[in-house]
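Participant: coords below, sequence missing:
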DNA sequence: AACGAATGTGTATTTGGTACACTAAGCTGT
DNA sequence: ACAGCTTAGTGTACCAAATACACATTCGTT
């Protein structure tokens, strides 16, 4: 077992990791992607995808890389959440975790087993397994942030395909807010904000009337309504 | 010059610092506390108070400690802002900075020269000097966060003494939002939210009618209106 | 006692949000 | 082909919240 310790400093340095809370809506429930840990500590418990920061790597790049390496997921919307640094949050050494949350439509997602053969799986936010480290706290904070951002940003669109129906969009809001919304009021409100416009196409799935599909007018703009 | 390098790791570790954007309102302007750097890099430039994280120290504790050591300021409201980690943000080594913003009433603040005799001074947010590292970005983000939190939290009270007049409170909002507010509507709105109540005392400063003073009912509660 | 300066107060209007029910269009099974 | 099921799509009346707006009050000063 090599313990070369080749990287030395005058003062002790903490380790820095990134962790990602990847949300999607699956089976009408807000869900999170987790990885089962293959090694101690917390072996066998479930954890967020994430890992150690490379020394020349940007924080966001690290989050994206770990997500790709561990789950095969890429191209999702990603935003920094909070930095967790309790001195005892990892029993091995001092670890600062810069956390992110990510949003994706579920049909873009085919999480593969990670390179070290760990299991990855979706869990509904209300049916989470026992989680490693402080990852339960991270998920709850991410959920809180996500829900509160619904009100003044356009992040909801990040959980839908490029083209979507108003019913699909309403469903995203209803699941995240955990309450039913009035169909007419929802449509009136969302259309008044001028974020989306009709594609001219129709969604013809199901044995019922086809629905107009819409797309986001300015996909890059996410922040701040009004 | 001792270069003992006694702290060694299998993989390179970044350094972790905290930096604090301390806001106050001074001379009718939103202002920030800065320190003039005595050493390279960026010698002579102004920078945020902050410094390296001790290996067993909580992030928030580090921010408070550095603020106290470098400026003599303590007891202020402090909240984590964002983590800056661009690989080139510090020319010496890889440095991750976990940033905070803090709010204080100006009359509580008597910033002293720090132990290493650097200068500390207040700067109006619109008249900042040339800043070290990415500290200009940090300040702008902090300002943006502060202003947006005005709308749905009670942070404005953190910039006032325990007992204050409604005109003082309105002035805080006007300076932060950079717009004039209607006196009657402001009072109606703020009183309807039931955050504050009359102390029964009057402020008798100036050659004009004394003003009722108010205090916050629940000083610990900061988050989320409605 | 007159003046200057900031305090303190109410109403009418506008705006935005909420509550609420039926017709339209497609598919399926007979 | 038509009856029945399923989701799409649409407007108005009501209520609550935000806005616009002007003058009398109470100090201190001269």
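Facilitator: Sure, I can see it. Fair warning: this is a prediction, and the values are worked out from it, not measured in the lab.
Participant: Okay, helices next: where are they in chain A?
Facilitator: Remark: helices assigned in chain A by DSSP state H are A:59-71, A:135-150, A:166-177, A:183-192.
Participant: per-residue confidence at residue A:117?
Facilitator: In this model, residue A:117 is scored at 48, pLDDT.
Participant: next one: residue A:221
Facilitator: At residue A:221, pLDDT is 82.
Participant: isn't it right up against residue A:155?
Facilitator: No - the pair residue A:221 / residue A:155 is not scored as a contact, 11.1 Å apart, by Cβ atoms under 8 Å. Every C-beta, even on glycine, is put in place using the N, C-alpha and C of the backbone.
Participant: Can you list phi and psi of the closest residue to residue A:221 other than its chain neighbours for me?
Facilitator: Of all residues not flanking residue A:221 in the chain, residue A:154 sits nearest, at 6.9 Å (Cβ to Cβ, 6 or more residues apart in numbering or on different chains). Backbone geometry at residue A:154, expressed as degrees, to the nearest 10, gives phi -110, psi 30.
Participant: For residue A:211, see how far away residue A:154 is.
Facilitator: 20 Å (Cβ to Cβ, to the nearest Å).
Participant: Which one of these two is surrounded by more residues?
Facilitator: Ranked by neighbour count (other Cβ atoms under 10 Å in any protein chain shown), residue A:154 and residue A:211 place residue A:154 first, with 21 against 17.
Participant: List the contacts of the more buried one.
Facilitator: Shown in contact with residue A:154 (Cβ atoms under 8 Å, 6 or more residues apart in numbering or on different chains): A:195, A:216, A:221-222, A:225.
Participant: and these, which are buried?
Facilitator: By neighbour count, with 16 or more other Cβ atoms under 10 Å in any protein chain shown, the contacts of residue A:154 hold A:195, A:216 as buried.
Participant: Just give me the neighbour total for residue A:74.
Facilitator: Neighbourhood size, residue A:74 [other Cβ under 10 Å]: 11.
Participant: Quick one: residues contacting it.
Facilitator: With contacts defined as Cβ under 8 Å, 6+ apart, residue A:74 is in contact with A:64, A:67-68.
Participant: let's see it at 10 Å
Facilitator: A:64-65, A:67-68, A:104, A:108 (Cβ atoms under 10 Å, 6 or more residues apart in numbering or on different chains).
Participant: ok, back up a step: deepest-packed of the helices of chain A, please.
Facilitator: When the helices of chain A are scored by mean count of other Cβ atoms under 10 Å in any protein chain shown, the highest mean neighbour count falls to helix A:59-71 (a mean of 20).
Participant: Which secondary structure elements does that one sit against?
Facilitator: Helix A:59-71 is packed against strand A:15-26, strand A:29-36, strand A:50-52, strand A:77-84, strand A:95-103, with contacts defined by 3 or more Cβ pairs under 10 Å, 6 or more residues apart in numbering or on different chains; DSSP states H and E.
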